[in-house]
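1. kindly generate the corresponding structure for this input.
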Amino acid sequence: MFNVRVYGILFNAQNQVLVSDEYIRGGYYTKFPGGGLEFGEGTLECIKREWVEELNQQVEVVEHIYTTDFFQISAFDNESQIISIYYLVKAVGPFIAPVLSKPFDFVVPAGVDEVEAARWIDWDLFSSESVTLPIDKVVADLVKQKYNPVLIASS
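-> Have a look, this model is predicted:
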């Protein structure tokens, strides 16, 4: 069984990268915004849909960054293989989603399985240690090596 995930990397004019702090089934994770590919959907459609659903933000895909090239079992079901696809995205219009100033600065209501909130991380503080999941860590290292957020946010 395969589980295809699609994520977006967004920089802002303040030299920050967007992450999503999430409570999922009893655990706390910091990851890139995005989610699961639905049957009948392409990856570009998926990233656009996920960003609207999660952040009420339309995005434009700038370029492909990475597709998983190693075996990764799901952290959530221990039965499916994760294939993650990452794109550099650009906000269409102003970024209006509420953001946290501190990691996991939210309340998890009783009986709720999932809570998520966006947070900006300063570029100088951003690293593979900033994210939780193994594939995201690989991508964080690639992003640090490849991109200059000042140039991207201003284009």
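2. check contacts around Val108.
-> Neighbouring residues of Val108 by Cβ atoms under 8 Å, 6 or more residues apart in numbering: 23, 115. Any C-beta I mention is one placed from the backbone N, CA and C, and that applies to glycine too.
3. distance check, the closest residue to Arg25 other than its chain neighbours against Val99.
-> What sits nearest to Arg25 in space, not counting adjacent residues and going by Cβ to Cβ, 6 or more residues apart in numbering, is Asp113, at 5.6 Å. For Asp113, the distance to Val99 (Cβ to Cβ, to the nearest Å) stands at 22 Å.
4. out of those two, which sits in the busier spot?
-> Each of Asp113 and Val99 has its neighbours counted (other Cβ atoms under 10 Å); Val99 has more, 17 against 9.
5. surely the residue nearest to Arg25 meets Glu22?
-> No. Under the criterion of Cβ atoms under 8 Å, Asp113 lies out of contact with Glu22, with a separation of 10.7 Å.
6. give me the common contacts of the two.
-> Counting by Cβ under 8 Å, 6+ apart, Asp113 and Glu22 have no common neighbour.
7. just say helix, strand or coil for the residue of the chain most remote from its centre.
-> Distance from the C-alpha centroid of the chain peaks at Ala110, with 25.4 Å (Cα atoms, centre = their mean). Following DSSP: H, G, I helix; E, B strand; the rest coil, the label given to Ala110 is coil.
8. give the contact list for it.
-> Neighbouring residues of Ala110 by Cβ under 8 Å, 6+ apart: there are none.
9. backbone phi and psi for it, please?
-> Main-chain dihedrals, Ala110, degrees, to the nearest 10: phi -60, psi 140.
10. and it, what's its pLDDT?
-> Note on Ala110: pLDDT of 92.
11. roughly how far does it sit from Phe32?
-> According to Cβ to Cβ, Ala110 stands 28 Å off from Phe32.
12. list the buried ones in the longest strand seen in the chain?
-> Using DSSP state E, we find that the single longest strand of the chain is strand 81-91. Going by neighbour count (16 or more other Cβ atoms under 10 Å), the buried part of strand 81-91 is 82-89, 91.
13. so what strands line up beside the helix or strand that comes right after it?
-> Following strand 81-91 in sequence order, the next helix or strand is strand 99-100 (DSSP states H and E). In the sheet, strand 99-100 lines up against strand 114-122 (parallel) (DSSP bridges).
14. looking at the most centrally placed residue in the chain now. What's its pLDDT?
-> In the chain, the C-alpha nearest the mean C-alpha coordinate belongs to Phe32, at 1.6 Å (Cα atoms, centre = their mean). Looking at Phe32, its pLDDT is 98.
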